[in-house]
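S.K.: Got a predicted model here, sequence first, then my questions.
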Amino acid sequence: GQNIDQPTEMTATEGAIVQINCTYQTSGFNGLFWYQQHAGEAPTFLSYNVLDGLEEKGRFSSFLSRSKGYSYLLLKELQMKDSASYLCAVRAFISSGSARQLTFGSGTQLTVLP
Amino acid sequence: DTEVTQTPKHLVMGMTNKKSLKCEQHMGHRAMYWYKQKAKKPPELMFVYSYEKLSINESVPSRFSPECPNSSLLNLHLHALQPEDSALYLCASSQDQVVGQGHYEQYFGPGTRLTVT
């Protein structure tokens, strides 16, 4: 099975930088995704890491360390619209063949204050 | 077009009703997914179709019956549901599900908010 941990809630101020951590334990690791989900809406893809290191995409960056089972999502220049749930999701090969399955963490509810 | 559409947006049904949820994508994706999401919880995988064949069934009760009529459409047939089945049902698609090139992120539809009374 898989175990994915991330903080339940975080609060930050507009214009600041926030780092959301995610730790995981899995076999057959095949990539880590970050999704953003606003209340009542569908998750939207933010970033993907499969190799160690930092991926930067505008105001968002994501880091992965496979040996430590650790990732973080870094959000810079926070805006009010960044208030949302941020879901860490791990993709892994399932035992019965070459298919891969995505499992979501519980999500981190980020509140950006003015 | 990077859109996954779902109908209806909202559905209220009794425990004896039969209804269907529909999902459509025109991105040429060959993998399609059904997730169930309860309030303040992450999406939980229910079913995966790969190349129009059911590849994963996460031990979902038989009152949920998926169907993939073609590569663009995915249905979820509902029958004799329970109140605890009330949730947001999300459909997603990705380019592929098995090993291949690219990261193949999943694109999610807006979901169907289901209430079982």
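M.R.: Ah, there it is.
S.K.: which intervals of chain B have sub-threshold pLDDT?
M.R.: B:1-2, B:97-103 (pLDDT under 70).
S.K.: One more pass at 50, please.
M.R.: B:101 (pLDDT under 50).
S.K.: For it, which residues are neighbours of chain A?
M.R.: B:4, B:40-45, B:48, B:50, B:55-56, B:90, B:97-99, B:103, B:105-111 (C-beta under 8 Å from any C-beta of the partner chain). No exception for glycine: its C-beta is placed from N, CA and C like everyone else's.
S.K.: which residue is nearest the middle of chain B?
M.R.: For chain B, the residue whose C-alpha lies nearest the mean C-alpha position (C-alpha atoms, centre = their mean) is residue B:34; its distance is 2.5 Å.
S.K.: thinking again about what came up before, for ChimeraX, write the selection for the buried entries among the residues of chain B next to chain A.
M.R.: Buried members of the residues of chain B next to chain A, defined by 16 or more other C-beta atoms under 10 Å in any protein chain shown, are picked up in ChimeraX with:
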select /B:4,42,43,44,45,48,50,55,56,90,97,105,106,107,108,109,110,111
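S.K.: Show only the entries of the residues of chain B next to chain A found in helices.
M.R.: The members of the residues of chain B next to chain A all map outside helices under DSSP state H.
S.K.: gap between residue B:114 and chain A?
M.R.: 14 Å (C-beta to the nearest C-beta, to the nearest Å).
S.K.: That residue contacts residue B:89, doesn't it?
M.R.: Yes: the criterion here is C-beta atoms under 8 Å, and residue B:114 meets it with residue B:89 at 5.7 Å.
S.K.: joint contacts of these two?
M.R.: The contact sets of residue B:114 and residue B:89 overlap at residue B:21 (C-beta atoms under 8 Å, 6 or more residues apart in numbering or on different chains).
S.K.: Please enumerate the strands of chain A.
M.R.: Using DSSP state E, the strands of chain A run over A:3-5, A:9-13, A:18-25, A:29-37, A:44-49, A:53-57, A:60-65, A:70-75, A:84-93, A:100-104, A:108-113.
S.K.: In the first one, which residues are buried?
M.R.: Applying a neighbour-count criterion of 16+ other C-beta under 10 Å, the buried positions in strand A:3-5 are residue A:4.
S.K.: Pull up the pairing partners for it, direction included.
M.R.: Partners of strand A:3-5 in the sheet, by DSSP bridges, are strand A:18-25 (antiparallel).
S.K.: Please work out which residues outside the strand it pairs with touch it.
M.R.: The contact list for strand A:18-25 (C-beta under 8 Å, 6+ apart) reads A:2-7, A:10, A:12, A:32, A:34, A:68-75, A:78, A:86, A:88, A:90, A:105, A:108, A:110.
S.K.: For residue B:43, which non-adjacent residue is closest in space?
M.R.: residue B:35 (3.8 Å; C-beta to C-beta, 6 or more residues apart in numbering or on different chains).
S.K.: Shouldn't the residue nearest to the centre of chain B be within a strand?
M.R.: Yes: Residue B:34: assigned to a strand according to DSSP: H, G, I helix; E, B strand; the rest coil.
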